[in-house]
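J.: Fold the following, please.
(one chain, ligands or ions: 1)
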Amino acid sequence: MVSDITTQTTFSYSSRAKNAVDQPISYLMTLALTQPELISLAAGFVDYQTLPGADTDTLMHQILSDPAAAQAALQYGRTQGLTELRQEAYKHLAKCDGLSPDQFPGCPDCVALTTGSQQMLHLLADLLVDPGDIVITAWPSYFVYTGALSIFGATVRSVDLDEDGIIPEKLDALLAQIAQEGNLHRVKMLYTCTHHQNPTGITLSAERRPQLLDIVKKYSTDHRILLLEDNAYRELTYQGDAPVSIKSFDTDNEFVALLHTYSKPFAPGLKTGYGLLPADLCDKAMMLKDGRDFGSANLSQHLLLQAVLKGAFEQQVKTLCKAYTKKRDAMLEALDEHLGDFLPEQTHWTHPTGGLYVWLTLPESIDTSRHGPLFKRAVELGMLYVPGDYCYPADPTRTVPKNQIRLSFGVPTEQQNRDGVKLLAQAIKDVAGT
Ligand SMILES: Cc1ncc(COP(=O)(O)O)c(C=O)c1O
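T.: Predicted structure coming up:
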């Protein structure tokens, strides 16, 4: 962050700007950049080696060497995004759930393309959240989003996860409690990352999906509570059949916003995501987006359309799943090898069926936070992790645990995953004195 104040006065910031603070993760990014010798199991970036450079080159050349295609791609597009890509995106959503487009809720007109799915997350918060409104998230949750929620002054309340995802009974109990406190009118959204969650890697079970929707409907008494289903990691599924989306149960397209991205399954540099929204919400979101940018990068959308139509997207997903499976396995094997016999009653980690993350829980006596002894020791030994406390939203009713770690296996090579876990295990044993 660059601050070089040379005048006596400051700007008079809006309340939103005052709520915007430096994300703690930026410290880790700086550390990784300034000390490249560190093995970083921290960054949630994608694998560099498999990024689709050659395909992108070919497709871009095809677009730009055809004058009509080049003009279309280099001109402004529509606020809602390229029609043909929205149609393909909608087909893709249906296909992910084993359905044909005519069996799937909504329609391509309710799909909007945005500057990454992050922009859609932001737009939806902007549309629904006034300061003091309540957003419910998992505990822990995707921290960049919960950080964004604080800009809007949202009060975050949270629901525990187990190995099957958000626990429906706990969600029901929380909403009942909020209703009893007379604050149900302030609940605007339930945010959930349903497949291979960031940060835990946990997938919401098939059984719980319609249950969450039913609970949201039950408490939508004076307004609709939005169920925001962030499916950023859906395509990165390495084993088993991924359960169908919650959206597929929202047959009248009323309650669920389903968000996907082209960042994880293709290339984050194109910064394109999309959401299938209830029609009225989509209209409103586009009014907001009109004033923001009146459309995301058109060239990226034209490129992605060709990637989808020519099969490069599907091929890339296969390539990624193969590469990430090996990396995930390397990390899990190393955890077994180096931490398998370390206080097994209190030490455990998730076994994700996809995505980019493993969530490690250590004995409560081991402080994993940035200013704790473990982080310092891990950096001394040569590795970086994300302290688990970064991943907990600021729920005013709860105390954040400090004995967990998010590990990302996407960027490091298989060997670096193994080496990084070995160094981490050494650091853990050093600070535990075992
Ligand atoms: C859970 C989740 N949702 C959304 C995003 C945003 O991704 P993008 O804006 O690149 O689509 C990310 C990025 O890491 C993520 O982890």
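J.: So which bits of this protein are right by the ligand?
T.: Within the chain, the positions adjacent to the ligand are 44, 116-118, 142, 193, 198, 230, 232, 261, 263, 268, 273 by C-beta under 6 Å from any ligand atom. Heads up, the C-betas are built off the backbone N, CA and C, glycines and all.
J.: and of these, the nearest to Lys170?
T.: The nearest member of the residues of the chain next to the ligand to Lys170, counting by C-beta to C-beta, is Cys193 at 16.8 Å.
J.: Next up, the contacts around the closest one.
T.: With contacts defined as C-beta atoms under 8 Å, 6 or more residues apart in numbering, Cys193 is in contact with Ala138, Ser141, Tyr142, Asp230, Asn231, Ala232, Tyr233.
J.: again with Tyr262
T.: Remark: with contacts taken as C-beta under 8 Å, 6+ apart, Tyr262 is in contact with Leu270, Thr272, Gly273, Tyr274, Leu304, Phe313.
J.: residues near the fourth one, how many?
T.: So that's Tyr274. When neighbours are defined as other C-beta atoms under 10 Å, Tyr274 has 29 of them.
J.: how close does the closest residue to the ligand within the stretch 1-150 of the chain get to His122?
T.: Of all residues in the stretch 1-150 of the chain, Gly116 sits closest to the ligand, with a separation of 2.4 Å (C-beta to the nearest ligand atom). Taken as C-beta to C-beta, to the nearest Å, the spacing of Gly116 relative to His122 amounts to 9 Å.
J.: Ala42 too?
T.: Ala42 sits 23 Å away from His122, taking C-beta to C-beta as the criterion.
J.: of those two, who's got more company?
T.: Neighbours per residue, other C-beta under 10 Å: of Ala42 and His122, the larger number sits with Ala42, 25 against 20.
J.: Pretty sure that one sits against Leu28.
T.: Yes: distance between Ala42 and Leu28: 4.9 Å, which falls inside the contact criterion (C-beta atoms under 8 Å).
J.: Give me the common contacts of those two.
T.: Residues touching both Ala42 and Leu28 (C-beta under 8 Å, 6+ apart) are Leu384, Val386.
J.: Who are the contact partners of the closest residue to the ligand within the stretch 301-434 of the chain?
T.: Scanning the stretch 301-434 of the chain for the residue nearest the ligand gives Leu356, at 8.0 Å (criterion: C-beta to the nearest ligand atom). For Leu356, the contacting residues are Gly44, Val46, His196, Asn198, Gly201, Tyr233, Leu236, Lys264, Tyr324, Ser408, Phe409, Gly410, by C-beta under 8 Å, 6+ apart.
J.: Find the pair from those with maximum spatial separation.
T.: Spanning the widest gap among these are Val46 and Gly201, at 15.5 Å by C-beta to C-beta.
J.: per-residue pLDDT, the closest residue to Phe143 other than its chain neighbours?
T.: For Phe143, ignoring the flanking residues on the chain, the nearest one in space by C-beta to C-beta, 6 or more residues apart in numbering is Cys391 at 5.0 Å. Cys391 is assigned 96 on the pLDDT scale.
J.: hang on, Cys391 packs against Pro140?
T.: Yes: taking contacts as C-beta under 8 Å, Cys391 lies within contact range of Pro140: 3.9 Å.
J.: any shared contact partners between these two?
T.: Common neighbours of Cys391 and Pro140 (criterion: C-beta under 8 Å, 6+ apart): Pro199, Gln404.
J.: Gly77: how many residues sit nearby?
T.: A total of 21 residues lie near Gly77 under the criterion other C-beta under 10 Å.
J.: Same check on the one 5 residues further on?
T.: Here the number of neighbours of Leu82 (other C-beta under 10 Å) works out to 23.
J.: Contacts only, for the closest residue to it other than its chain neighbours.
T.: Computed as C-beta to C-beta, 6+ apart, the closest residue to Leu82 that is not its neighbour in sequence is Gln301, at 4.2 Å. Shown in contact with Gln301 (C-beta under 8 Å, 6+ apart): Gly77, Gly81, Leu82, Leu85, Leu113, Thr272.
J.: now the fourth one: how far from Gly291?
T.: Yep, that's Leu85 we're talking about. Leu85 is 23 Å from Gly291, where distance means C-beta to C-beta.
J.: These two: which is more packed in?
T.: For Leu85 and Gly291, the more surrounded residue by other C-beta under 10 Å is Leu85, and the numbers stand at 26 against 8.
J.: Just the buried positions in stretch 35-44, please.
T.: By neighbour count, and taking 16 or more other C-beta atoms under 10 Å as the criterion, the buried residues in stretch 35-44 are Leu38, Ile39, Ser40, Leu41, Ala42, Ala43, Gly44.
J.: Tell me where the stretch 201-350 of the chain has helices.
T.: Assigned helices in the stretch 201-350 of the chain, in chain order: 208-218, 279-292, 298-309, 312-339 (criterion: DSSP state H, counting those that start in this stretch).
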